[in-house]
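**Q** Predicted model follows, preceded by the sequence.
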Amino acid sequence: MKVITTIAELRAALKAERLKGKSIGLVPTMGYLHIGHMELVRRSKSVSAITVVSIFVNPTQFGPNEDLSTYPRDMEGDLAKLKAEGVDYVFTPEVAEIYRPGANTIVDNPVLSRVLIGKIRPGHFRGVTTVVTKLFNIVQPDHAFFGEKDYQQLTIIRRMVADLDMPIEITGVATVREPDGVACSSRNAMLTPADRKAAVVLAKSLAQAERMVAKGQRSVSAIRHAVRAVLETEKRGEIESVDIRDAQTLDPVSGKFKQPVVILLTVRFGKVRLIDQRVVG
Ligand code: PAF
């Protein structure tokens, strides 16, 4: 496994691989890797000859009052996990390597990045689409892998790749969960033990929605009401949003839904914002 910090060195190494006819898979991450990331790596390795993992805590996707400075980091632990998984290249650039003086071009989806989490976190998705475009241009992967947990992010990236004719196959990978059902997230490490225990309420509320849909319920308001009722049983969590949207387009849905919908949750525990999602229908 090669750990590379500069764009020039990574490009040279990957050019040599491409000349040998090898396909390249990219797993973009912000580090502090958990079993959900490892699943992305495994999926990449199953379809790509070469797997590149990037570890870069991207400052442009954090708002001024967000958790950039406290975002958990563990480069040594991350590299050990990636080595054990048989990753070929790890790209760990400094901020100055990615954002050079004078840079001011951005990539933005002015529709999808302004709704849902984009409303709560203005500028967040613009930071994501800009850095992911840069990583795509640096690595030029054939495939790239993203978790379904960040459902809006995955939808925006799929839209971007289609709209801008990027020749990359995007694979969304199902959310990996802890044994109690809590979605794996680097942010779980920032929860107090009591909040970590309480966080299971997100998965519980989604399971309740799934049961209702399995029994034939298709009313958006009935499902939203039931999800909120479960979330409200946990006083430690502050519900920020419960949204039910078209699973493909993220368009709002009302009345009775006919196409699959995605339920998107944002709940805060202290300063930590947790998200979870489930596609139903
Ligand atoms: O999902 C993440 O960890 C980040 O948003 C990503 C895709 C690596 C971009 O910084």
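**A** Yes, it's here.
**Q** So which residues of the stretch 51-200 of the chain form helices?
**A** Secondary structure of the stretch 51-200 of the chain, counting by DSSP state H, counting those that start in this stretch: helices at 75-84, 95-98, 117-120, 124-139, 151-163, 193-198, 200-214.
**Q** Other residues contacting the longest one?
**A** Contact partners of helix 124-139, identified using CB atoms under 8 Å, 6 or more residues apart in numbering, comprise 7, 10-11, 14, 24, 26, 28, 52, 54, 56, 58-63, 91, 98, 105-109, 112-113, 117-118, 144, 152-153, 156-157, 160, 164, 166, 168. Yep, even glycine has a C-beta here, placed from its N, CA and C like the rest.
**Q** Among those residues, which ones are in strands?
**A** Mapping the contacts of helix 124-139 onto strands (DSSP state E) picks out 24, 26, 28, 52, 54, 91, 144.
**Q** Closest one to residue 254 out of those residues, please.
**A** In terms of CB to CB, no member of the ones in strands among the contacts of helix 124-139 lies closer to residue 254 than residue 144, at 33.6 Å.
**Q** That closest one contacts residue 26, correct?
**A** Yes. Residue 144 lies in contact with residue 26 (CB atoms under 8 Å); the separation is 4.6 Å.
**Q** what's the burial count for residue 272?
**A** Residue 272 sits with 19 neighbouring residues when counted by other CB atoms under 10 Å.
**Q** Tell me how far the residue of the stretch 151-281 of the chain found nearest the ligand lies from residue 112.
**A** Per CB to the nearest ligand atom, residue 153 is where the stretch 151-281 of the chain lies closest to the ligand, at 5.8 Å. Distance, residue 153 to residue 112, by CB to CB, to the nearest Å: 10 Å.
**Q** which of these two has more neighbours?
**A** residue 153 (24 against 21).
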